[in-house]
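1. Below: sequence and its predicted model.
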Number of protein chains: 2
Amino acid sequence: MKNENGVTVWFTGLPCSGKTVAADRVRDILLTEYDVNVERLDGDIVRKSLTSDLGFSKEDRNQNIMRVTFVAKLLTRNGVIVLLSFVSPYIARREQSKKEIGKMLETFVHCPLDVCEQRDVKGIYKLARDGIIKDFTGIDDPYEEPPNPDIVLHTHEETVEESARKVIAKLREEGYI
Amino acid sequence: MKNENGVTVWFTGLPCSGKTVAADRVRDILLTEYDVNVERLDGDIVRKSLTSDLGFSKEDRNQNIMRVTFVAKLLTRNGVIVLLSFVSPYIARREQSKKEIGKMLETFVHCPLDVCEQRDVKGIYKLARDGIIKDFTGIDDPYEEPPNPDIVLHTHEETVEESARKVIAKLREEGYI
């Protein structure tokens, strides 16, 4: 039976701001409490297949987002709730993706830089501070905060569960679940 | 509501064998006669977005198929009927895609080379014969016929409608529609 109630939830924020953990928890809630199609997309997932040829230069990261946007668009218009987590630091690029995908909830994962840097789960902030990684968002490349996000998560003040429930509440409010 | 009844119908065959026309007709039938989610993917569609960086070398064409396979896998597992038409000349590559996608009906669009070459809708056979395009399937690169296709279309002997109805019949037989 045809399903047209898809939407993309786009988690954007600094590296280590908590995007992945929040999106994973939203997926788990959707899969256990709702009867919906869900797909998770993030860098670790797509860089194995869809974008294995790309590096981390500004151009390559934009290419990465372009391909992911195409996939999200197709899934969204076929009734899937797409949970997408990427740093995606540029307003213009996110706006373009929103235009292409159509139904998209921009979710700003807000966490102060110093907290993100303390977490540094993969040791990448250290590499950026040491100059080994260039153009690193938050250090020597800007993160452009969303002026009008649909959802804001404060991952340094909320539990993962609280953050995830905010997203679920918004999905309910908008009639997607 | 969750939808898990997806499948990829993979149209393979020589250039100008009639893949696109058959797949387009199957899409139209599905959209008008059935209540299902349908997505069409072919070179013209994906080369504008997903694979705009790729050329037509053997390596690039395999990359092209790899990315398309990833997208088809995601759509298929989320209940979409994916109609995918690519020359896709190599058995090994198609087998790998089938393994990755899971539910896939290989549809061999069988048409003699001389008929395909007479059609030459985009003038590409001529370019290949003149040596302007290299590694062209059917001319100086092999097309490996599927040994065990799920569906065979004989587009030089059947009408488009007859070909399309074969695919619809198979989809019904397998319980996808």
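-> That came through fine.

2. and A:Q96, what element?
-> Assigned by DSSP states H and E, A:Q96 belongs to helix A:91-101.

3. Could you work out the end-to-end span of stretch A:145-163 for me?
-> With Cα to Cα, to the nearest Å as the measure, the first residue of stretch A:145-163 is 18 Å from its last.

4. Just the buried positions in that stretch, please.
-> Going by neighbour count (16 or more other Cβ atoms under 10 Å in any protein chain shown), the buried part of stretch A:145-163 is A:P146, A:P149, A:D150, A:I151, A:L153, A:T155, A:S163. Just so you know, the C-beta spots here come from the backbone N, C-alpha and C atoms, and that holds for glycine as well.

5. Identify all contacting residues around that stretch.
-> The contact list for stretch A:145-163, computed with Cβ atoms under 8 Å, 6 or more residues apart in numbering or on different chains, reads A:9, A:12, A:17-18, A:21-22, A:25, A:91, A:94, A:105-112, A:115, A:166-167, A:170.

6. Show me these that map onto helices.
-> Among the contacts of stretch A:145-163, the members found in helices (DSSP state H) are A:V21, A:A22, A:R25, A:I91, A:R94, A:V115, A:K166, A:V167, A:K170.

7. Select from these the one having the most neighbours.
-> A:A22 (28 neighbours; other Cβ atoms under 10 Å in any protein chain shown).

8. Could you verify my assumption that that residue touches A:I168?
-> No. The criterion here is Cβ atoms under 8 Å, and A:A22 misses it with A:I168 at 11.0 Å.

9. And the pLDDT for the residue nearest the centre of chain A?
-> Centroid-nearest residue in chain A: A:S85, 2.1 Å away (criterion: Cα atoms, centre = their mean). We note a pLDDT of 96 for A:S85 in this prediction.

10. That one contacts A:V21, doesn't it?
-> No. Counting by Cβ under 8 Å, A:S85 stays clear of A:V21, with 9.2 Å between them.

11. Poorly predicted segments of chain A, please.
-> Applying pLDDT under 70 to chain A flags residues A:1.

12. Residue numbers of it in contact with chain B?
-> Residues of chain A lying close to chain B (Cβ under 8 Å from any Cβ of the partner chain) are A:1-4, A:35-37, A:39, A:49-50, A:53, A:63, A:66-67, A:70-71, A:74-75, A:78-80.

13. repeat that for 7 Å
-> Counting by Cβ under 7 Å from any Cβ of the partner chain, chain A comes close to chain B at A:1-3, A:35-37, A:39, A:49-50, A:66-67, A:70-71, A:74-75, A:78-80.

14. In strands, which of the residues you listed appear?
-> Judged by DSSP state E, the subset of these located in strands is A:E39.

15. Put the buried members of the residues of chain A next to chain B into a ChimeraX selection.
-> Buried residues among those (16+ other Cβ under 10 Å), as a ChimeraX selection:
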select /A:3,36,37,39,50,66,67,70,71,74,75,78,79,80
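
16. ok, residues contacting the longest helix along chain A?
-> Counting by DSSP H, the longest helix found in chain A is helix A:58-77. Contact partners of helix A:58-77, identified using Cβ atoms under 7 Å, 6 or more residues apart in numbering or on different chains, comprise A:6-8, A:39, A:41, A:46, A:50-51, A:54, A:82, A:84, A:86, A:88, A:93, A:97, A:100-103, A:135, B:39, B:49-50, B:71, B:74-75, B:78.

17. So for it, what gets flagged as buried?
-> By 16+ other Cβ under 10 Å, the buried positions in helix A:58-77 come out as A:61, A:63-77.

18. Now do it and helix A:91-101, the angle between them.
-> Helix A:58-77 and helix A:91-101 are oriented at 30 degrees to each other (axes from the mean of the first three to the mean of the last three Cα atoms, to 10 degrees).

19. Next SSE downstream of helix A:58-77?
-> Per DSSP H and E, the first helix or strand lying C-terminal to helix A:58-77 is strand A:81-85.

20. Just checking: what are the partner strands of that next one?
-> Using DSSP bridges, strand A:81-85 pairs in its sheet with strand A:7-12 (parallel), strand A:38-42 (parallel).

21. Touching it from outside, list them.
-> For strand A:81-85, the external contacting residues (Cβ under 7 Å, 6+ apart) are A:6-11, A:19-20, A:23, A:26-27, A:30, A:36-42, A:68, A:72, A:75-76, A:176.

22. just to revisit the earlier point, so which elements touch the helix holding A:Q96?
-> Helix A:91-101 sits against strand A:7-12, helix A:58-77, strand A:104-110, with contacts defined as 3 or more Cβ pairs under 7 Å, 6 or more residues apart in numbering or on different chains; DSSP states H and E.

23. Mind checking those for the one nearest to A:D120?
-> With respect to A:D120, and counting by Cβ to Cβ, the nearest of those is strand A:104-110 at 15.8 Å.
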